[in-house]
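Chemist: the following block contains a protein sequence and its predicted model.
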Amino acid sequence: MGKTIRTNQWCISDELWKKMEPLIPKPPLHDPKVGGRPRVPDRQAMNGILFVLRTGCQWNALNATGICSSSTAHLRFQEWTRAGVFLKLWERGLKEYDEMKGINWSWQAMDGAITKSPLGGEKNRSKPYR
């Protein structure tokens with residue numbers, strides 16, 4: 001028998017949700033004449049997104065948790081990424097941490113070199129035969 005996931009341990013706290021909710025764009029108004037399922041609440045979709053990001057599981061594995069469907073979570077993730085929600089969350093998290101603990105902004109490092117190694121060998125070296 002498969003292992004049951006306790007979803008409450010993966011849910012966003014009320015305190016954190018109060019900080020996140022204002023950053024999420026309002027959904028488009030739904031025309032009841034069109035039909036279709038009601039929109040999954042944003043908090044539930046965010047719980048699903050954060051579950052995938054924290055566990056590293058595939059989106060489709062989310063279906064087994066009961067948190068949210070994988071398609072809903074992935075669509076919201078794409079929608080909110082385009083709207084800059086996660087960037088704003090990151091920026092606010094940095095600011096809040098800086099206010100609480102302090103970030104030494106004078107010392108930061110970044111590594112993003114995408115070049116050939118300077119000791120990578122001669123350009124016209126012989127080719128190995130296999």
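Modeler: On my side now, so go ahead.
Chemist: below-threshold pLDDT in this protein: ranges please.
Modeler: Counting by pLDDT under 70, the low-confidence segments of the chain come to 1-8, 108, 111-128, 130.
Chemist: can you pull up the most central residue in it?
Modeler: L53 (5.4 Å; Cα atoms, centre = their mean).
Chemist: ok, now how distant is that residue from N60?
Modeler: 15 Å (Cβ to Cβ, to the nearest Å). In this view, the C-beta of every residue, glycine as well, is placed from N, C-alpha and C.
Chemist: name the element the residue nearest to the centre of the chain belongs to?
Modeler: Secondary-structure assignment from DSSP states H and E places L53 in helix 42-55.
Chemist: show me how far that helix is from its chain's centre.
Modeler: Centroid separation between helix 42-55 and its chain, computed with Cα atoms, centre = their mean, to the nearest Å, is 8 Å.
Chemist: quick one: contacts of it?
Modeler: Contacts to helix 42-55, defined as Cβ atoms under 8 Å, 6 or more residues apart in numbering, come from residues 7, 10-12, 17, 20-21, 24, 27, 57-59, 61-62, 65, 67-70, 72-73, 76-77, 80.
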